[in-house]
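Asks: Turn this into a structure:
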Amino acid sequence: MTTTYTSYKLITSDLQTSLKRVSEQPDVKRETEYYLANIGNVKSIDDFFADSRLYNYVMKAHGLEDMAYAKAFMRKVLTEGVDDKDAFANKLTDTRYKELAESLNFARDGAAATSFDKAQKGIVDKYTRQTLEVSAGEDNTGVRLALYFERMASSITSGYSIIADDALAQVVRTAFQLPDEFAATDIDRQAAYYEDVLNLDDFKDPAKVGKFLERFTAMWELDNPEGGTDPLAAFQSSSLTGISTDLLISISNLKLGGR
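Replies: Residues are numbered from 1 along each chain as shown. Predicted coordinates:
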């Protein structure tokens, strides 16, 4: 049986080839061709929500397909954008919403938002990478976690960055053999612990990230000799984490539709 680390290295040793292979899969190629052929015609947030294929493509590209039903929630994310520090996306600890609002920045760019490379090739690249990670996780959740951590590591700026992302937190807890109960302890203590045992600057260095993932995959093998556990558990959207009470109330009053 191929180990978690070996599977991870097989994918990342020639990542571009791995991504190209995914992009050429019939279903991925079909959805990507549709996206590129039609996204430029989208001139408003209303246009975007009106085409479910485009909408679902973008949501999957940002790892948010499980939130695709919450269109009123997503409309608020896109309407407010990211330029104002008090914008809705900036108040969410889950950075995927901010990334989506930056990819399709209707708040800043209006009708031109879909004409930029970040809204076209940028989102296609995200979709392909996300598909690669999900596919890897079907065989071994640890490989998906490793690929995700590698992609997100440079965005970790504090212990709170780890706590805010269930998948990142699972990787770190596994690497240090911390019990699941650790996630239920005081948040400030968790953050302080992570900042004490980790040199977060190391996560800006791909070689050091690789060494850390060697440790993670070795510990993962000990805990999950069959590569098991729920493949979605660590990737469920934590979209309501870190929102103020007032914002929670406002969201609860939104209808789960596109308007």
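Asks: Please identify the buried residues of stretch 78-96?
Replies: Neighbour-count burial for stretch 78-96, with 16 or more other C-beta atoms under 10 Å as criterion, is recorded at 78, 80-82, 87-96. The C-beta positions use only the backbone N, C-alpha and C, and glycine is treated the same way.
Asks: tell me how far the ends of it are from each other?
Replies: One end of stretch 78-96 to the other measures 12 Å (C-alpha to C-alpha, to the nearest Å).
Asks: That one - what's its average pLDDT?
Replies: For stretch 78-96, the mean per-residue pLDDT is 93.
Asks: How about stretch 209-223?
Replies: For stretch 209-223, mean pLDDT is 95.
Asks: Which positions within that stretch qualify as buried?
Replies: Val209, Phe212, Leu213, Phe216, Thr217, Met219, Trp220, Glu221.
Asks: Look up how far Leu100 lies from Leu64.
Replies: Leu64 sits 7 Å away from Leu100, taking C-beta to C-beta, to the nearest Å as the criterion.
Asks: Do you have the helices of the stretch 51-200 of the chain handy? List them.
Replies: Under the criterion DSSP state H, counting those that start in this stretch, the stretch 51-200 of the chain contains helices at 52-61, 71-80, 96-103, 106-109, 121-139, 141-152, 159-163, 166-175, 187-197.
Asks: winner for burial among those?
Replies: Using mean count of other C-beta atoms under 10 Å, the stretch among the helices of the stretch 51-200 of the chain with the largest mean neighbour count is helix 141-152, at a mean of 24.
Asks: elements contacting it?
Replies: Here helix 141-152 touches helix 4-12, helix 121-139, helix 166-175, helix 206-223, going by 3 or more C-beta pairs under 8 Å, 6 or more residues apart in numbering; DSSP states H and E.
Asks: Export those helices as JSON lines, with columns for distance to Gln25.
Replies: Output for the helices and strands packed on helix 141-152, formatted as JSON lines (distance: least, C-beta to C-beta, whole Å):
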{"stretch": "helix 4-12", "distance to Gln25": "15"}
{"stretch": "helix 121-139", "distance to Gln25": "8"}
{"stretch": "helix 166-175", "distance to Gln25": "23"}
{"stretch": "helix 206-223", "distance to Gln25": "25"}
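Asks: Select, out of these, the one closest to Ser154.
Replies: When these are compared by C-beta to C-beta, helix 206-223 sits nearest Ser154, at 8.1 Å.
Asks: Could you check how far the residue most central in space within the chain is from Arg96?
Replies: By C-alpha atoms, centre = their mean, the chain has its centre lying nearest to Gly63, at 4.6 Å. For Gly63, the distance to Arg96 (C-beta to C-beta) stands at 6 Å.
Asks: same thing with Ser161?
Replies: Distance, Ser161 to Arg96, by C-beta to C-beta: 13 Å.
Asks: quick one on the thing from earlier: of all the helices and strands packed on helix 141-152, which one is nearest Tyr57?
Replies: When the helices and strands packed on helix 141-152 are compared for distance to Tyr57 using C-beta to C-beta, the nearest one is helix 121-139, at 6.2 Å.
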